[in-house]
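Participant: Model the following, please.
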Amino acid sequence: MRYTIIALILLATACHRPTRTDDPNEFLRRHVETGLCTPVVIEGDSTWTIEERMKHYGVPGMSIAIINDFKVAWARSYGVMDSTSMRPVTDSTLFQAASISKPVFTMAVLKLAEQGALDIDADVNTLLTSWKLPENEFTTTEKVTLRRLLGHVAGTTVHGFPGYVPGGPLPSLMQILKGEVPANTPAIVVDQVPGTSWRYSGGGYCVASQVVLDVKGGTIPQHMDDLVLEPLGMSHSTYQQPLPEAWTRNAASGYLPDRSSVKSKWHVYPELSPDGLWTTANDLARFVIELQRAMMDSGTVLQKRSAEWMTRPLLEPYGAVGMSLDDKRGERYFQHGGWNEGFCGLIYGHVSQGKGAVILINANQPDLMGEVIRSIATAYDWPAFVPRHKAQPLTSAALNEFAGRYRVGTDDLVTITGRAGKLYRKPIGEDEAELAHIGGNVFVSRLDERFRKFVKDSTGAMTIQVMDAIDATSYGTLRRMKDDEHIPFEAIERGDRDAAVRAYSALSPTDPAVNEEWLNNLGYQLMNEGKVKQGQDIFHVNMQLYPKSANVYDSYAEACLKLGEKQEALRNYKRALAMNPQNANAARIVAELEREGVQSK
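Facilitator: Predicted coordinates for the structure are as follows:
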């Protein structure tokens with residue numbers, strides 16, 4: 001009954017008004033489909049429909065399953081499997097789960113631990129027989145364990161995997177571990193002391209896979225069937241890669257961030273445990289419910305103690321064994337997202353209340369999933385999930401006092417502008433967003449939950465204090481910049497590559513803004529946003545700062561290739577390959593370009 005009351009209250013502020021029905025599930029379904037919203041809601045805001053936002057983001061198809069009271073309340077699919085055949089997505093349509101493969105695999109490993117087949121706290125090199133994780137100065141005192149691998153705190157390398165085109169050569173797990181041809185990722189090693197810091201590592205899951213195979217034999221797909229998929233009735237799910245021919249007709253085709261299709265429909269992921277699961281929303285909902293029921297000591301696969309490992313912090317408050325955690329004002333949710341080439345997914349579950357959801361889409365547009373999950377959370381009264389505020393008016397004169405450019409670290413800034421009685425915030429490379437005043441010169445954005453308070457410092461200069469919305473913990477203070485003050489990235493924005501090199505070179509070598517990995521990630525972020533030339537210029541800066549790194553030339557070459565600069569791409573792929581002969585991806589592209597008759601400069 002309370003859901004109907006909540007739904008009626010929401011009608012007062014929603015633009016889309018679902019028709020009242022005698023079926024409460026149907027009524028709630030319509031609220032889910034018409035209640036998509038921003039991360040933070042200001043009183044009076046309107047909402048969007050699923051149809052509107054799928055069109056807005058260019059998402060061809062989506063499948064969702066909603067969990068309430070420890071069971072699937074309903075599931076529904078939208079759109080098409082691909083834009084060519086226009087076949088509709090159904091509840092049996094297969095999507096790549098991408099990194100959601102990790103928590104499902106984790107459940108299998110914990111089941112093996114319950115059976116006594118392995119010890120998740122043992123040094124993995126005592127369990128591995130066919131290969132050993134190389135020991136080095138980082139593993140002298142602390143060891144790599146399965147618990148640490150599954151919780152991303154083992155210090156292992158290789159963040160993620162790009163996948164392979166169907167029909168091409170695929171590496172074995174051993175070749176992936178060693179970074180040998182035809183693997184397109186480097187060898188998996190330890191470069192941080194295990195147990196000391198959280199860093200996402202798909203590579204760590206490959207090490208865990210080898211442990212399972214050395215201890216139990218067999219194959220990962222068969223172990224997953226036996227330990228998790230079959231016991232939970234996940235009959236439309238498989239870890240087989242490539243996807244068996246009999247399953248392909250029900251598989252959706254993937255679409256990239258620029259809305260173009262994946263040329264081969266999807267990529268193949270021989271890295272099974274971190275990325276290899278094909279599944280449906282209904283099947284993944286069974287997995288979420290199992291974890292929730294196991295927490296109540298009534299699980300089919302896991303005992304309560306194992307489930308608690310997956311839903312309680314391991315090292316950092318946001319990470320458990322195999323799962324991410326989200327604390328919403330004291331309400332704890334477990335969750336995990338996924339991104340493979342052309343596919344994204346999201347699972348959410350409340351730790352104790354039996355509420356949750358699964359969203360799968362055949363596009364790299366994760367923002368849509370965030371909007372859908374918030375609509376579900378609002379309709380089904382998930383505790384403390386969507387913050388709501390009431391705006392308080394301020395005069396235009398008062399707002400204009402806050403205008404200016406505010407420095408964020410050494411290489412970032414945010415521009416604050418007052419206009420027509422409203423205040424707007426624009427970070428570099430992002431769209432402008434309104435800041436709503438909620439009292440006391442404190443503002444909130446609809447895009448995140450942080451408070452921003454404008455305060456003059458002891459010199460009278462305006463600053464922004466960025467604070468946690470729950471406990472007012474300070475995230476830092478931003479200082480308003482002078483008109484003639486600039487950051488290095490502004491040279492990238494105006495296309496002045498030489499000035500960018502000078503500006504970045506002038507920073508301290510220990511500054512995070514000139515960290516090689518940071519700059520490399522920034523370059524790829526820009527390319528993913530369609531700013532390929534800016535990404536190329538960042539890679540060029542990285543080459544000047546780190547001339548002995550093979551990876552900087554590889555990244556620069558990739559940007560050149562995207563810009564059609566094939567000669568320059570070939571030259572730099574060759575440099576990367578000369579410095580790292582194990583770079584199978586560079587070797588492949590060099591061979592392809594030379595077959596085309598391209599000659600390096």
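Participant: drop to CA atoms for contacts and neighbour counts, all remaining ones
Facilitator: OK.
Participant: quick one: furthest residue from the center of the protein?
Facilitator: Distance from the centre of the chain peaks at residue 459, with 41.2 Å (Cα atoms, centre = their mean).
Participant: Phi, psi for that residue please.
Facilitator: The phi and psi values for residue 459, taken as degrees, to the nearest 10, are phi -90, psi 0.
Participant: ok, now how distant is the spatially closest residue to residue 593 that is not a sequence neighbour from residue 177?
Facilitator: With sequence-adjacent residues excluded and distances taken as Cα to Cα, 6 or more residues apart in numbering, residue 593 is closest to residue 570, at 6.9 Å. The gap separating residue 570 from residue 177 is 27 Å, by Cα to Cα, to the nearest Å.
Participant: and what of residue 447?
Facilitator: In this view, residue 447 and residue 177 are 39 Å apart by Cα to Cα.
Participant: mind checking how far the residue farthest from the centre of the chain is from residue 479?
Facilitator: Going from residue 459 to residue 479 by Cα to Cα gives 11 Å.
Participant: What ranges in the protein fall below the confidence cut-off?
Facilitator: Low-confidence segments of the chain, defined by pLDDT under 70: 1-22.
Participant: can you give me the strands for the stretch 1-150 of the chain?
Facilitator: All strands of the stretch 1-150 of the chain, identified by DSSP state E, counting those that start in this stretch, fall at 41-42, 61-68, 71-79, 95-96.
Participant: Convert the C-alpha atoms of the longest one to CSV, please.
Facilitator: Think strand 71-79. What follows is the C-alpha trace of strand 71-79 in CSV, where atoms were taken according to Å, rounded to 0.1, in the frame of the first residue of the first chain:
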residue,chain,number,x,y,z
LYS,A,71,12.0,-11.8,-5.8
VAL,A,72,11.7,-10.5,-9.3
ALA,A,73,8.8,-8.1,-9.3
TRP,A,74,8.8,-7.8,-13.1
ALA,A,75,11.1,-7.7,-16.0
ARG,A,76,10.8,-5.9,-19.4
SER,A,77,12.8,-5.3,-22.5
TYR,A,78,12.8,-2.2,-24.8
GLY,A,79,14.1,-1.4,-28.3
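Participant: list the helices and strands it packs on?
Facilitator: Taking 3 or more Cα pairs under 8 Å, 6 or more residues apart in numbering; DSSP states H and E as the contact definition, the neighbouring helices and strands of strand 71-79 are strand 61-68, helix 281-295.
Participant: rerun that using 6 Å as the cut-off
Facilitator: If you count contacts as 3 or more Cα pairs under 6 Å, 6 or more residues apart in numbering; DSSP states H and E, strand 71-79 packs onto strand 61-68.
Participant: Neighbour count: residue 447 and residue 177, which is higher?
Facilitator: In this view residue 447 and residue 177 are compared by other Cα atoms under 10 Å, and residue 177 has more residues nearby, 25 against 13.
Participant: Not counting its own residues, what contacts the helix or strand that contains residue 538?
Facilitator: Assigning secondary structure by DSSP states H and E places residue 538 in helix 532-545. By Cα atoms under 6 Å, 6 or more residues apart in numbering, the surrounding residues in contact with helix 532-545 are 501, 523, 526, 527, 552, 556, 559.
Participant: Once you drop chain neighbours, what's closest to residue 68?
Facilitator: Leaving aside its sequence neighbours, residue 68 sits nearest to residue 355 (Cα to Cα, 6+ apart; 4.6 Å).
Participant: which parts of the one helix or strand the residue nearest to residue 593 maps to are buried?
Facilitator: When secondary structure is defined using DSSP H and E, the element that contains residue 570 is helix 566-579. Residues 566, 567, 568, 569, 570, 571, 572, 573, 574, 575, 576, 577 are the ones in helix 566-579 that count as buried (16 or more other Cα atoms under 10 Å).
Participant: mind checking how far that helix is from the chain centre?
Facilitator: Relative to the mean C-alpha coordinate of its chain, helix 566-579 is positioned 30 Å out (Cα atoms, centre = their mean, to the nearest Å).
Participant: Could you point out the helix or strand that follows it?
Facilitator: With secondary structure assigned by DSSP H and E, helix 566-579 is succeeded by helix 584-595.
Participant: There's contact between the residue nearest to residue 593 and residue 598 in this structure, I believe.
Facilitator: No: here residue 570 lies out of contact with residue 598, judged by Cα atoms under 6 Å, at a distance of 7.6 Å.
Participant: wait, what's in contact with residue 146?
Facilitator: Residue 146 makes contact with residue 120 under the criterion Cα under 6 Å, 6+ apart.
Participant: hmm, try it at 8 Å
Facilitator: 119, 120, 121, 122, 123, 124, 208 (Cα atoms under 8 Å, 6 or more residues apart in numbering).
Participant: Check residue 573 too.
Facilitator: The neighbourhood of residue 573, defined by Cα under 8 Å, 6+ apart, consists of 553, 554, 557, 586, 587, 589, 590.
Participant: at 6 Å what do you get?
Facilitator: Residue 573 makes contact with 554, 557, 586 under the criterion Cα under 6 Å, 6+ apart.
Participant: Could you provide those in TSV, with additional columns for neighbour count and distance to residue 238?
Facilitator: Formatted as TSV, the entries for those read as follows, by neighbours: other Cα atoms under 10 Å; distance: Cα to Cα, whole Å:
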residue	neighbour count	distance to residue 238
554	26	34
557	29	36
586	24	31
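Participant: For the residues you listed, give me TSV that also has distance to residue 430.
Facilitator: Listed next are these as TSV, based on distance: Cα to Cα, whole Å:
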residue	distance to residue 430
554	27
557	26
586	32
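Participant: which one of those residues sits closest to residue 162?
Facilitator: residue 586 (13.7 Å; Cα to Cα).
Participant: about what we covered before: please narrow the contacts of helix 532-545 to those residing in helices.
Facilitator: Within the contacts of helix 532-545, residues falling in helices by DSSP state H are 501, 523, 526, 527, 552, 556, 559.
Participant: picking up where we left off before, can you tell me which of the strands of the stretch 1-150 of the chain is packed in deepest?
Facilitator: Sort the strands of the stretch 1-150 of the chain by mean neighbour count, taking mean count of other Cα atoms under 10 Å, and strand 95-96 sits at the top with a mean of 32.
Participant: got a list of contacts for that one?
Facilitator: Identification of contacts with strand 95-96 by Cα under 6 Å, 6+ apart yields 252, 278, 279.
Participant: Please name the bridge partners of the second one.
Facilitator: When you say that, I think you mean residue 278. According to DSSP bridges, the partner residues bridging residue 278 are residue 96, residue 238.
Participant: Let me see the contact set for it.
Facilitator: By Cα under 6 Å, 6+ apart, the contact list for residue 278 reads 95, 96, 97, 237, 238.
Participant: need these in JSON lines with distance to residue 486, can you?
Facilitator: Rendered in JSON lines, the data for the contacts of residue 278 read as follows (distance: Cα to Cα, whole Å):
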{"residue": "95", "distance to residue 486": "45"}
{"residue": "96", "distance to residue 486": "43"}
{"residue": "97", "distance to residue 486": "43"}
{"residue": "237", "distance to residue 486": "52"}
{"residue": "238", "distance to residue 486": "52"}
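Participant: closest to residue 433 among those residues?
Facilitator: Using Cα to Cα, residue 97 comes nearest to residue 433 of the contacts of residue 278, at 31.6 Å.
Participant: Distance check, that closest one against residue 435.
Facilitator: Relative to residue 435, residue 97 is positioned 35 Å away (criterion: Cα to Cα).
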